[in-house]
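> Everything below, folded, please.
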Amino acid sequence: MEKRITSLLLANNPGNELVRRVKELEDKIKWLQHNSRNMDNYLELEPFSKDGELCGYVCDTLKALPEVPTIATCKDYKAIVILLGISTTHYQILDELAEQHRHRDDVPELLAYCDALHWMRPGRQYLCNVYNTVCYAFHRLRLHPVKDSILLITEKELRHAERMLPELGRQTFIEMVRLKAYKVYDAKKMAEACGMEYGAFRRKLKKMTGYTASQWVRIERAKDVAHYLKNTNYTLTEVAFTTGFSSTSNLNDFCKDYLLDTPGEIRRKAQKTK
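Below you'll find the predicted structure:
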């Protein structure tokens with residue numbers, strides 16, 4: 001017999017009136033589990049989310065569990081997450097639960113949070129903390145998908161998470177560009193380094209960063225130039241060569257146009273502040 005959080009709620013004998021509302025919640029969740037292809041159906045939980053006593057009882061029950069619930073152990077866990085997520089008074093427990101899932105690399109549960117947040121978060125800024133926790137969890141899984149020779153998450157699952165969580169998708173794309181196109185200062189060559197067709201690369205870069213490809217190249221190049229001038233002992237010729245300029249004259253013109261000072265002045269001002 002499958003376990004449910006609502007069954008745990010009923011097992012604690014909360015009193016006749018609360019029992020009735022828990023049973024109504026249980027019936028509604030069972031209905032949703034058979035009619036939840038459209039996430040908007042979960043709006044059916046909104047009346048329950050406004051029941052402060054009921055939501056408080058759910059939170060107390062979850063806190064009393066010996067360990068964080070999972071989808072495998074509690075079939076209605078995703079629905080309970082959504083119930084508490086749309087509650088403006090009892091959503092805070094999700095921060096703690098999501099953090100535990102992050103530490104344990106609970107991929108099925110993190111994906112459930114991912115889908116729930118994609119639907120819930122617009123207009124619900126109070127969910128920012130749990131959103132950031134889930135984004136960070138998938139970011140770490142992207143960097144380290146294997147642990148103890150076991151594949152924790154598939155590429156398909158990672159891409160799904162990145163579609164559902166726009167900030168995660170943006171961060172992943174930008175990091176990919178910076179890694180694969182390191183010290184590439186030509187937009188077409190940058191697209192090639194990322195294994196993308198130039199037109200598709202330009203469109204995605206604009207969507208993810210708000211900058212055109214040429215603007216992005218200038219911004220990244222300016223960051224690199226500033227770094228080498230302020231934090232290394234490279235000569236100006238070496239800085240120019242490292243950042244893709246054919247001469248110190250070209251480096252000088254770039255610095256005056258985009259960093260509003262000459263290379264020498266940028267370095268001198270940086271040394272004065274150390």
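
> Let's see the pLDDT reported for the most centrally placed residue in the chain.
Geometric centre of the chain, nearest residue: residue 135, 2.4 Å, by Cα atoms, centre = their mean. What the model reports as pLDDT for residue 135 is 95.

> List the contacts of it.
165, 167, 168, 171 (Cβ atoms under 8 Å, 6 or more residues apart in numbering). Yep, even glycine has a C-beta here, placed from its N, CA and C like the rest.

> What lies in contact with the strand or helix carrying residue 95?
Using DSSP states H and E, residue 95 falls within helix 93-104. Helix 93-104 is contacted from outside by 59, 62-63, 68-69, 81, 84-85, 106, 109-110, 113, 127, 129-130, 133-134, 136-137, 140, using Cβ under 8 Å, 6+ apart.

> Tell me the helix or strand right after it.
Later in the chain than helix 93-104, the nearest helix or strand by DSSP H and E is helix 107-120.

> For residue 138, which residues are in contact?
110, 114, 158, 161, 162, 165, 168.

> how close does it sit to residue 163?
11 Å (Cβ to Cβ, to the nearest Å).

> Quick one: neighbours of residue 82, just the number.
Using other Cβ atoms under 10 Å, residue 82 has 27 other residues around it.

> Helix, strand, or coil at the residue nearest to the centre of the chain?
In three-state terms, and counting by DSSP: H, G, I helix; E, B strand; the rest coil, residue 135 is helix.

> For residue 115, see how far away it is.
14 Å.

> mind checking the SS state of residue 195?
Following three-state DSSP, residue 195 is assigned to coil.

> ok, for it, nearest residue in space, not its chain neighbours?
residue 180 (7.6 Å; Cβ to Cβ, 6 or more residues apart in numbering).

> pLDDT score assigned to that neighbour?
For residue 180, the predicted pLDDT is 91.

> who's in contact with it?
193, 194, 195.

> List the single closest residue to the second one in space, sequence neighbours excluded.
The spatial neighbour of residue 194 that comes closest, neighbours along the chain excluded (Cβ to Cβ, 6+ apart), is residue 180 at 5.0 Å.

> what does residue 21 give?
Nearest non-adjacent residue to residue 21, counting by Cβ to Cβ, 6+ apart: residue 54, 5.2 Å away.

> count of residues packed around that neighbour?
Neighbours of residue 54 (other Cβ under 10 Å): 22.

> So which elements touch the helix or strand hosting it?
Residue 54 belongs to helix 52-64 when assigned by DSSP H and E. Applying 3 or more Cβ pairs under 8 Å, 6 or more residues apart in numbering; DSSP states H and E, we find helix 52-64 packed against helix 5-11, helix 16-34, helix 46-49, helix 77-85, helix 93-104.

> Dump the C-alpha coordinates for the third one into PDB.
What follows is helix 46-49 as a C-alpha-only set of coordinates in PDB (Å, rounded to 0.1, in the frame of the first residue of the first chain):
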ATOM      1  CA  GLU A  46      -5.700  27.200  -3.100                       C
ATOM      2  CA  PRO A  47      -8.600  27.000  -0.700                       C
ATOM      3  CA  PHE A  48      -6.600  24.600   1.500                       C
ATOM      4  CA  SER A  49      -3.500  26.800   1.300                       C
END
